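Engineer: give me coordinates for this.
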Amino acid sequence: MTDSRRRALITGASSGIGAAYARLLAGQNYDLVITARRTDRLDDLAAELETKHGIDVQAITLDLGEPGAVAQLVKAIQDRGLQIDYLVNNAGYALDQDFHEASFQRHRDFLEVLLVGVVELSHALVPGMVERGWGRVVNVASVAGYLSLTPGSLYGPTKAFVLAFSRSLRASVHADGVHVTALCPGYTRTEFFQNIGVEEKVFSMPGFLLLDVDKVVAASDRAVGRGKAASVPGWAYKIVVFSSRLLPLGLFSNRKFRATLPTSR
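Structural biologist: Have a look, this model is predicted:
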């Protein structure tokens, strides 16, 4: 490890987009801080990347849904004398219940991870990037953020906030050498859908609607490097975003239409 090597922090790094991002940046010679809830997976990933790339990987097990978790993470980074140059706010999940069915505590925990955590980590780490005149921030949103709704769920509205927040933050710090991009993928081959019980339905969709996770991450990294405000991988989803303003809101409240979707979340 050398003092000149940049370091990235990736949340939700134990699988999916987070793990793919860790592998991509390790291949670019970044040192890493990776965090998630599953210690065994984090340790396995850290060992893999250190062995393969000769980098330093700090694995920190945390549940960002717990009160004070972000503060704990930032303190752990500071206590180890580490500097974060590239932040990937990826931690997230979807609920397996409709809004009116789930307890408010489940919604509160969800918002803590997908909304509060994104803002709090950015607030803690971006000032250092601005001071140094270089930084990268990728906030994982979703194509659902452009639609601003996913019937029965807070997922779409929350991702719409992440998209808007990323654009606002970018406007504030881009001139200081800090690039901020919202990654807005569509259906991507990860464990995300398995966790809410719709994996079979999603992965039976036409191939052009299913994105490869490594290609999604590579597109995001290129976008933030070029200073783009958002990355929407895949031509099909670019069309969805372009046409989103024309879709009637009533379509999403139609039960028959909702039944054709892999998930309403």
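Engineer: so Val126: helix, strand or coil?
Structural biologist: When the structure is split into helix, strand and coil by DSSP: H, G, I helix; E, B strand; the rest coil, Val126 lands in helix.
Engineer: now do stretch 173-190, average pLDDT.
Structural biologist: In this model, stretch 173-190 carries a mean pLDDT of 92.
Engineer: now do the end-to-end distance for it.
Structural biologist: Criterion Cα to Cα, to the nearest Å; first-to-last residue distance in stretch 173-190 is 32 Å.
Engineer: burial measure for Gly18, as a count.
Structural biologist: Counted with other Cβ atoms under 10 Å, the burial measure for Gly18 works out to 26 neighbours. For every residue, glycine as well, the C-beta is placed using N, CA and C.
Engineer: give me the buried positions along the helix or strand hosting it.
Structural biologist: When secondary structure is defined by DSSP states H and E, Gly18 falls within helix 16-27. Going by neighbour count (16 or more other Cβ atoms under 10 Å), the buried part of helix 16-27 is 16-26.
Engineer: cool, stretch 124-142 as well?
Structural biologist: Within stretch 124-142, the residues scored as buried using 16+ other Cβ under 10 Å are 124-126, 129, 135-142.
Engineer: what distance separates that stretch from the centre of its chain?
Structural biologist: For stretch 124-142, the gap between its own C-alpha mean and the chain's C-alpha mean amounts to 14 Å (Cα atoms, centre = their mean, to the nearest Å).
Engineer: need the CA coordinates for it. PDB is fine.
Structural biologist: What follows is stretch 124-142, C-alpha atoms only, in PDB (Å, rounded to 0.1, in the frame of the first residue of the first chain):
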ATOM      1  CA  ALA A 124     -19.500  13.600   6.300                       C
ATOM      2  CA  LEU A 125     -17.100  12.800   3.400                       C
ATOM      3  CA  VAL A 126     -17.700  15.300   0.600                       C
ATOM      4  CA  PRO A 127     -16.200  18.300   2.400                       C
ATOM      5  CA  GLY A 128     -12.800  16.500   2.500                       C
ATOM      6  CA  MET A 129     -13.000  15.800  -1.200                       C
ATOM      7  CA  VAL A 130     -13.800  19.500  -1.800                       C
ATOM      8  CA  GLU A 131     -10.900  20.500   0.300                       C
ATOM      9  CA  ARG A 132      -8.500  18.200  -1.600                       C
ATOM     10  CA  GLY A 133     -10.000  19.200  -5.000                       C
ATOM     11  CA  TRP A 134     -10.800  15.700  -6.100                       C
ATOM     12  CA  GLY A 135     -13.600  13.300  -5.400                       C
ATOM     13  CA  ARG A 136     -16.200  10.900  -6.800                       C
ATOM     14  CA  VAL A 137     -19.600  10.100  -5.400                       C
ATOM     15  CA  VAL A 138     -22.000   7.500  -6.900                       C
ATOM     16  CA  ASN A 139     -25.400   7.300  -5.300                       C
ATOM     17  CA  VAL A 140     -27.300   4.200  -6.400                       C
ATOM     18  CA  ALA A 141     -30.800   5.300  -7.400                       C
ATOM     19  CA  SER A 142     -33.000   3.500  -9.900                       C
END
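Engineer: helices of the stretch 151-265 of the chain, residue ranges please.
Structural biologist: Ranges of helices within the stretch 151-265 of the chain are 155-173, 199-203, 213-225, 235-243, 249-252, 255-260, based on DSSP state H, counting those that start in this stretch.
Engineer: could you dump the ones you listed into TSV with mean neighbour count added?
Structural biologist: TSV is the format used below for these (neighbours: other Cβ atoms under 10 Å):
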stretch	mean neighbour count
helix 155-173	19
helix 199-203	15
helix 213-225	20
helix 235-243	14
helix 249-252	11
helix 255-260	9
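Engineer: for those, which one sits closest to Gly81?
Structural biologist: Distances from Gly81 to each of these were compared by Cβ to Cβ, and the smallest falls on helix 155-173, at 24.0 Å.
Engineer: and Ala91, how far from Ser172?
Structural biologist: Per Cβ to Cβ, to the nearest Å, Ala91 is found 23 Å from Ser172.
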